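Enquirer: The following comprises the amino acid sequence and a computationally predicted model.
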Amino acid sequence: MAKRIYVGNLGYDTSSMDLERLFSQFGTVRSADIIMERGTDRSKGFGFVEMSSDQEAEAAIQSLNGKEFGGRQLTVNEAKPRTERVDRGGGGYRGGRSSDW
């Protein structure tokens with residue numbers, strides 16, 4: 001079964017290809033994605049790698065967590081399942097009159 005890995009503290013110039021090359025030494029990389037800011041296409045400094053097996057993913061996590069890559073110390077661990085974002089309706093103008101009136 002495939003396992004998804006979180007990779008943090010990446011240099012902003014790190015590409016998906018760089019991630020794939022780094023993790024391929026531990027097995028088959030199904031995907032490697034750098035997360036980009038909307039509108040600017042600038043890296044957010046983290047990404048996700050999907051390995052083809054739990055054993056490969058665990059070997060990569062054990063070997064790469066805390067290691068230097070591109071001049072930065074990586075944070076590498078099992079990705080947490082994505083949770084639903086709840087729109088709290090915060091921010092913005094609510095209208096109406098001030099209670100001071």
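Expert: In hand now; what should we look at?
Enquirer: Find me the pLDDT at Thr83, would you?
Expert: The predicted structure scores Thr83 at 78 on the pLDDT scale.
Enquirer: Tell me if it really is in a strand.
Expert: No - under the criterion used here (DSSP: H, G, I helix; E, B strand; the rest coil), Thr83 is coil, not part of a strand.
Enquirer: if I look at it, how far off is Leu22?
Expert: 27 Å (CB to CB, to the nearest Å). Heads up, the C-betas are built off the backbone N, CA and C, glycines and all.
Enquirer: Looking at those two, which is more packed in?
Expert: Leu22 (22 against 6; other CB atoms under 10 Å).
Enquirer: Ramachandran coordinates for the more buried one?
Expert: Listed backbone geometry of Leu22 is phi -60, psi -50, with angles given as degrees, to the nearest 10.
Enquirer: What sits closest to it if chain neighbours are left out?
Expert: Setting aside the residues directly before and after it, Leu22 is nearest to Phe69 in space (CB to CB, 6 or more residues apart in numbering), at 6.4 Å.
Enquirer: Any stretches of the protein with poor pLDDT?
Expert: By pLDDT under 70, the weakly predicted segments of the chain are 1, 85-101.
Enquirer: just the helices in it please.
Expert: Ranges of helices within the chain are 16-24, 54-64, based on DSSP state H.
Enquirer: among the ones you listed, which is nearest Lys44?
Expert: Each of those was checked against Lys44 via CB to CB, and the shortest separation belongs to helix 16-24, namely 13.1 Å.
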